[in-house]
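> missing the sequence, but the structure's below:
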């Protein structure tokens, strides 16, 4: 009897030890030492991030390991409660919302966009758009190439009133699913499409009801265009602590506490290189910057004879990346999440150096 | 500086509404910085400025509205509420 009791207790402890501890509104906290970090090495990473001698300008850095917040630092007017712009990292939230909507059986990856946007080639699917491979003509340039940039026209001039319609009128120049072209337009078209799928009334609060509320993300701003479409490409503002929760959701295969918000198969597909990316020869380092479904990856690309983009970072890492150096890094092999916010107007932070300084400061499991 | 000068020289020959982007960008990004992120004016002005400057700006702190002008275009952006944030309004 005693043996049975002891073995039951041991099993319970073992299950408890494996069950992830999910945050409520705030994360559980711990020390770097308790979570296996070499504190001195971790300090070096933070010094690098916030150094005024570097060309980047970090204002937020936060590290979570084993479900616990172990270190965070803010500067330059940012604070823990600051709703910081995350620019293109917003796209990964759109990826999550589509995962949720598919899980609710409201659409599939094979659903065609033309059902609501008849101007679009009838072959273009949700999956094509999530993989940035619709084949629509697009130039994604910001300050570096403002005159030819469609993203600037969409956000600030010709297209800002109704971004999805602006994108839907672009020319089809590749067969859908064959050519990778990173496009903020595709994400905004997806968000316009989502409204048609769920209906105007539900769309109003859809990101809150389906994603932010379950994750207990209380204070968040998501800008819309004048038609009311969420600007999925760029305009989500949130605390770093809340942004990390998206990483935790993906780290746990789409499960949040007892609820499977997103199917594991969708998560798996989101974080493996997509076929169009593998088929497309990109310029320079972009050829190594592999992409899944609204997430950036760090895999070695034997298909392209290329090594991974961040050579000193584990190859299972995946990222939400945004303008001016915004970064969410998820590293499953280390049960590690990193959020870095900044305003790198001169030169983006060396992500390989920053992330590897943190991953290499992990010394124990 | 070179880039800025070159663009200024080229502007009379540019078609479309590219010059409008300066005031649109400034107004939207300043509004977001000031009224969503709650940063100070100095930081937000730096953040929203590009290589072509805005020539005038008017900030209505009470109504959370910013109007800026550059290259003959004027654009306003206004803070709607904490959920929706800022929108370009004209």
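Okay, I see it. None of the values given here were measured: they were computed from a predicted structure. Numbering: from 1, shown residues only, chains lettered A, B, ... in the order given.
> ok, which stretches of the stretch 1-150 of chain A are strands?
Using DSSP state E, counting those that start in this stretch, the strands of the stretch 1-150 of chain A run over residues A:28-29, A:58-65, A:68-74, A:84-85.
> how many neighbours does residue B:70 have?
Taking other CB atoms under 10 Å in any protein chain shown as the criterion, the count of residues near residue B:70 is 23. Placement of C-beta: from N, CA and C, glycine included.
> which element is the spatially closest residue to it that is not a sequence neighbour on?
Using CB to CB, 6 or more residues apart in numbering or on different chains and skipping the chain neighbours, the partner closest in space to residue B:70 is residue B:22 (4.0 Å). For residue B:22, the enclosing helix or strand under DSSP states H and E is helix B:20-35.
> what does the following helix or strand past that helix rub up against?
Toward the C-terminal end, the helix or strand that comes next after helix B:20-35 (DSSP H and E) is helix B:41-48. Helix B:41-48 is contacted by residues A:76-77, A:343, A:345, B:25-27, B:29-30, B:33-34, B:37, B:39, B:59 when judged by CB atoms under 8 Å, 6 or more residues apart in numbering or on different chains.
> at 10 Å what do you get?
Outside helix B:41-48, the residues that touch it by CB atoms under 10 Å, 6 or more residues apart in numbering or on different chains are A:57, A:59, A:76-78, A:85, A:324, A:343, A:345, B:25-35, B:37-39, B:54, B:57, B:59, B:61, B:66, B:68, B:77.
> Next, the buried residues of that helix.
Neighbour-count burial for helix B:41-48, counted by 16 or more other CB atoms under 10 Å in any protein chain shown, picks out B:43-45, B:47-48.
> Grab the two from the residues you listed that are most spread out in space.
Spatially, the most separated pair among the buried residues of helix B:41-48 is B:43 and B:48, at 9.6 Å (CB to CB).
> Can you name the residues that contact the nearest residue to residue A:109 once chain neighbours are set aside?
Computed as CB to CB, 6+ apart, the closest residue to residue A:109 that is not its neighbour in sequence is residue A:127, at 3.8 Å. The neighbourhood of residue A:127, defined by CB under 10 Å, 6+ apart, consists of A:98, A:102, A:108-111, A:133, A:176-177, A:269, A:274, A:276, A:293.
> Show the pLDDT at residue 45.
Here I'm looking at chain A. At residue A:45, the model reports a pLDDT of 98.
> try again with chain B
97.
> What's the separation between it and chain A?
13 Å (CB to the nearest CB, to the nearest Å).
> what about the helices in chain A?
A:2-18, A:39-50, A:90-103, A:126-130, A:150-156, A:163-168, A:184-198, A:200-207, A:240-251, A:264-270, A:275-279, A:351-359 (DSSP state H).
> and the second one, what other elements does it pack with?
The one in question is helix A:39-50. Judged by 3 or more CB pairs under 10 Å, 6 or more residues apart in numbering or on different chains; DSSP states H and E, helix A:39-50 is in contact with strand A:58-65, strand A:68-74, strand A:336-342, helix A:351-359.
> can the ones you listed go into TSV with extra columns for distance to chain B, mean pLDDT and mean neighbour count?
Output for these, formatted as TSV (distance: least, CB to the nearest CB, whole Å; pLDDT from 0 to 100; neighbours: other CB atoms under 10 Å in any protein chain shown):
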stretch	distance to chain B	mean pLDDT	mean neighbour count
strand A:58-65	9	98	25
strand A:68-74	12	98	19
strand A:336-342	10	98	25
helix A:351-359	21	98	21
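> Export the strands of the stretch 1-150 of chain A as TSV, with columns for distance to residue A:305.
Shown next, in TSV, are these (distance: least, CB to CB, whole Å):
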stretch	distance to residue A:305
strand A:28-29	44
strand A:58-65	34
strand A:68-74	38
strand A:84-85	37
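> Which of those strands sits closest to residue A:308?
Comparison of the strands of the stretch 1-150 of chain A against residue A:308 by CB to CB identifies strand A:58-65 as nearest, at 21.5 Å.
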